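Asker: Could you work out the structure for the sequence below:
(one chain, ligands or ions: 1)
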Amino acid sequence: MEIKEKIEDYNSSIDAADVSSEEALEAFRIQFLGSKNVLKDLYKELRNVPNEEKKDVGQAINALKKKAEEKFESAKKEKDNKAGTKKKFDLTRPAERVELGARHPLAVIRNEIIEIFSRIGFSVSEGPEIEDDWHNFSALNFPPEHPARDMQDTFFIEKNDHEMALRTHTSSVQVRVMESEDPPIRTISPGRVYRNEAISARAHCFFHQVEGLYIDKDVSFADLKQTLLYFAREMFGEKTEIRLRPSYFPFTEPSAEVDVSCSICQGEGCNVCKYTGWLEILGCGMVDPNVLEASGIDSKVYSGFAFGMGIERIAQLKYRVNDLRKYSENDIRFLKQFKSAY
Ligand code: PHE
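Answerer: The predicted model follows:
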């Protein structure tokens with residue numbers, strides 16, 4: 001048979017080929033596109049075609065090949081589509097539920113504290129976690145021999161150099177604010193702090209604080225008390241009472257520790273408040289004049305109060321979490337329980 005006739009022949013058999021079934025399509029592929037396909041023979045025969053016809057015949061074989069490829073591809077696509085709608089996608093199946101994440105409980109409490117204080121005009125300030133001696137201790141009136149300056153309590157960055165440390169409280173941020181702003185100052189500083197403690201259910205080597213600072217002319221202890229009462233009632237409910245006990249901090253004078261009435265037993269006595277009816281939540285006091293002066297604020301003109309609380313402690317009371325380690329273990333079963341507006 002002449003090569004041209006063969007081309008004609010193949011052309012019509014490609015047209016006529018049945019590719020409707022999986023098997024027929026595969027047979028078609030082997031015949032026209034497989035490694036031993038019939039078109040290869042045609043290319044071989046092309047050698048014997050007289051030169052002046054080579055171009056036309058060559059093109060005709062190419063066209064044949066293209067035709068076979070196109071027929072195969074479109075039949076295959078159609079099959080895949082059908083298989084797709086039949087097997088791969090069940091359009092009637094309900095969509096997978098999108099799980100909403102939950103905020104970390106400490107973030108929830110931090111945001112709530114920020115929200116409560118922002119309603120009475122407190123801004124939020126932040127500062128570095130690696131802090132120098134001046135901002136963490138000296139400017140805050142810590143005497144040189146104070147135990148907090150010891151390796152036992154503080155993580156220093158260099159072994160034999162006590163200049164830089166992980167901040168032990170966010171009072172350091174307040175020093176930075178006092179240095180850079182003029183009174184009136186009304187700010188809270190939330191953040192992570194570090195202390196050299198053995199990790200247990202009740203202590204950790206890091207925790208979170210919110211400290212507050214208010215400096216203006218004629219700020220009194222009564223302002224401090226009223227501010228904390230407002231906070232306690234917003235946080236723990238409007239029937240909450242507070243109680244102040246005298247205490248000592250290097251940076252405040254006078255100083256106090258503050259208890260709130262137990263929101264669990266309403267002061268009746270339970271195991272959370274150890275049958276006292278009171279829960280300790282924060283430390284506070286009037287900013288020591290030495291601290292104001294160290295930051296460049298005239299203590300004869302201005303006075304102020306400061307307070308500081310642990311976020312874990314507040315979270316413990318609100319959520320009754322009795323093991324501090326849970327907050328940093330990233331156990332999803334623990335974390336997903338805290339869905340909140342904050
Ligand atoms: N800085 C204190 C602490 O970390 C808390 C505090 C702040 C106490 C301000 C009084 C005034 O324990």
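Asker: Can you read off the pLDDT for residue 261?
Answerer: pLDDT recorded at residue 261 is 93.
Asker: What is the burial count for it?
Answerer: Using other CB atoms under 10 Å, residue 261 has 19 neighbouring residues. (Glycine included, C-beta is placed from N, CA and C.)
Asker: now residue 259
Answerer: Residue 259: 20 neighbours (other CB under 10 Å).
Asker: ok, it touching residue 278?
Answerer: Yes. With contact defined as CB atoms under 8 Å, residue 259 reaches residue 278; the gap is 3.9 Å.
Asker: Touching both of these two, which residues are there?
Answerer: Residues touching both residue 259 and residue 278 (CB atoms under 8 Å, 6 or more residues apart in numbering): residue 243.
Asker: quick check, residue 42 in a helix?
Answerer: Yes. Counting by DSSP: H, G, I helix; E, B strand; the rest coil, residue 42 is located in a helix.
Asker: now it, nearest residue through space, not along the chain?
Answerer: residue 61 (4.9 Å; CB to CB, 6 or more residues apart in numbering).
Asker: Would you agree the one you found is in contact with residue 43?
Answerer: Yes. Contact criterion CB under 8 Å: residue 61 and residue 43 qualify, at 6.2 Å.
Asker: what's the neighbour count on the residue lying closest to residue 339 once chain neighbours are set aside?
Answerer: In this structure, residue 339 finds its nearest non-sequential neighbour in residue 102, 5.1 Å apart by CB to CB, 6+ apart. Residue 102 is flanked by 15 other residues according to other CB under 10 Å.
Asker: same check, this time on the one 10 residues further on
Answerer: Here the number of neighbours of residue 112 (other CB under 10 Å) works out to 19.
Asker: Assign a three-state SS to it, would you?
Answerer: helix.
Asker: any idea how far it lies from residue 314?
Answerer: 9 Å (CB to CB, to the nearest Å).
Asker: intersection of neighbour lists for these two?
Answerer: Joint contacts of residue 112 and residue 314 (CB under 8 Å, 6+ apart) are residue 235.
Asker: thinking again about what came up before, so the residue nearest to residue 42 sits in a helix?
Answerer: Yes. Under the criterion used here (three-state DSSP), residue 61 sits inside a helix.
Asker: show me what contacts it?
Answerer: 7, 39, 42-43, 46.
Asker: List the residues that contact whichever residue of the stretch 51-200 of the chain sits closest to the ligand.
Answerer: The ligand sits closest to residue 169 of the stretch 51-200 of the chain, with a gap of 3.3 Å, by CB to the nearest ligand atom. Counting by CB under 8 Å, 6+ apart, residue 169 touches 136, 193, 209, 211, 308.
Asker: from those, which ones fall inside strands?
Answerer: Of the contacts of residue 169, the ones assigned to strands by DSSP state E are 193, 209, 211, 308.
Asker: got the contact list for residue 118?
Answerer: residue 124.
Asker: Now residue 204: closest residue in space, sequence neighbours ignored.
Answerer: residue 324 (4.9 Å).
Asker: Wait, that neighbour touches residue 312, no?
Answerer: Yes. Counting by CB under 8 Å, residue 324 touches residue 312, with 5.8 Å between them.
Asker: what is in contact with those two at once?
Answerer: By CB under 8 Å, 6+ apart, the residues touching both residue 324 and residue 312 are 204, 207.
Asker: all strands of the stretch 151-300 of the chain, in order?
Answerer: With DSSP state E, counting those that start in this stretch as the criterion, the stretch 151-300 of the chain has strands at 156-158, 161-166, 185-194, 206-216, 242-249, 252-261, 278-287.
Asker: CA atoms only for the fifth one - export them in CSV, please.
Answerer: If I follow you right, that is strand 242-249. Provided in CSV are the C-alpha atoms of strand 242-249 (Å, rounded to 0.1, in the frame of the first residue of the first chain):
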residue,chain,number,x,y,z
ILE,A,242,-11.4,44.9,98.9
ARG,A,243,-9.1,44.9,101.9
LEU,A,244,-5.7,46.6,102.1
ARG,A,245,-2.9,45.2,104.3
PRO,A,246,0.2,47.2,105.0
SER,A,247,3.2,45.8,103.1
TYR,A,248,6.6,46.8,101.8
PHE,A,249,8.0,47.5,98.4
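Asker: Which residues in that strand does the neighbour count mark as buried?
Answerer: 242, 244, 249 (16 or more other CB atoms under 10 Å).
Asker: got it, and the third one?
Answerer: With burial defined by 16+ other CB under 10 Å, the residues of strand 185-194 counted as buried are 185-191, 193-194.
Asker: so where's the stretch 51-200 of the chain shaky on pLDDT?
Answerer: Where the stretch 51-200 of the chain drops to pLDDT under 70, the residues are 83-88.
Asker: Helices of that one, start to end?
Answerer: 51-83, 105-118, 133-136, 171-180 (DSSP state H, counting those that start in this stretch).
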